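Colleague: The sequence and its predicted three-dimensional model are supplied below.
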Amino acid sequence: MTLLPDFVPLSTLVHGVHSSLKGQGLVYPFPIIQSYTAALLTRHFVVLAGPSGTGKTKLAEEYAQLLCEKPNEQILVLAVGPDWHN
């Protein structure tokens, strides 16, 4: 697990996340990491949609692992179906 300092240039964050994921054998196109990072920084809440098995959950989990101080206490993965509403 890598903790980031309080201030990290955006390009450093995106490249670091991309490299970390790639190092784990998780291959995501760089623009996906850029878009995901921008969405998180803008809204702090991102809904990932798409077919099963495309890496949506893994991307969110691995990204959170990089940013959380205590991942086991701070990360909650909530799976929802297409008919979900609050």
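Modeller: Right, received. Where do you want to start? Remember, it's a predicted structure, so these values are computed and weren't measured experimentally.
Colleague: and the gap between residue 38 and residue 81?
Modeller: When C-beta to C-beta, to the nearest Å is the yardstick, residue 38 and residue 81 sit 27 Å from each other. Bear in mind the C-beta positions are built from the backbone N, C-alpha and C, glycine included.
Colleague: Just want to know which of those two has more residues nearby.
Modeller: Counted by other C-beta atoms under 10 Å, residue 38 and residue 81 do not tie: residue 38 has more neighbours, with 13 against 5.
Colleague: now what about the helix or strand encompassing residue 61, what contacts it?
Modeller: Applying DSSP states H and E as the criterion places residue 61 in helix 56-67. Helix 56-67 is contacted from outside by 1-2, 4, 16-17, 20-21, 24, 26, 28, 32, 36, 40, 46, 48-50, 71, 74-75, 77, 79, using C-beta atoms under 8 Å, 6 or more residues apart in numbering.
Colleague: Please point out which parts of it sit buried.
Modeller: Applying a neighbour-count criterion of 16 or more other C-beta atoms under 10 Å, one finds 56, 59, 60, 62, 63, 65, 66, 67 buried in helix 56-67.
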